[in-house]
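**Q** no sequence for this one, just the structure:
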């Protein structure tokens with residue numbers, strides 16, 4: 001079984017498919033990355049993909065194509081992307097095992113690179 005860099009919840013996959021279907025332009029998937037942002041350090045980025053960026057990592061989960069900026073790969077290993085709805089709004093969220101902190105307003109997070117040795121050991125024992 002191949003290891004996925006990240007995965008999608010059913011809700012995230014459904015919402016991404018809705019966005020793709022409602023797009024005015026041809027969209028084949030989503031690109032996820034990170035950027036310097038906020039008081040905690042980094043924020044997640046998401047963009048439509050009309051054409052894959054050469055060198056991006058690629059996963060397909062629940063029928064959705066997701067490309068991952070290679071600069072973000074080590075920080076996203078094991079992440080589950082979700083879509084949550086509440087009374088006052090809805091948004092994509094990231095359940096990231098590499099997160100070490102976050103700011104109080106929820107705009108940014110602190111991330112560390114994934115521990116590849118621990119991941120390999122966990123996969124070997126599974």
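**A** Nice, thanks for sending it over. Everything numeric here is computed off the predicted structure, so don't read it as measured data.

**Q** what helix or strand is the closest residue to residue 50 other than its chain neighbours located in?
**A** Using C-beta to C-beta, 6 or more residues apart in numbering and skipping the chain neighbours, the partner closest in space to residue 50 is residue 26 (5.4 Å). The C-beta positions use only the backbone N, C-alpha and C, and glycine is treated the same way. Following DSSP states H and E, one finds residue 26 outside all helices and strands.

**Q** what pLDDT does residue 26 get?
**A** pLDDT for residue 26: 92.

**Q** any weak-confidence spans in the chain?
**A** Low-confidence segments of the chain (pLDDT under 70): 1-3, 38, 40, 104-108, 116, 118-126.

**Q** which residues of it fall in helices?
**A** All helices of the chain, identified by DSSP state H, fall at 10-22, 73-76, 116-125.

**Q** against residue 51, how distant is the residue nearest to residue 50?
**A** According to C-beta to C-beta, to the nearest Å, residue 26 and residue 51 sit 9 Å apart.

**Q** understood, closing this out.
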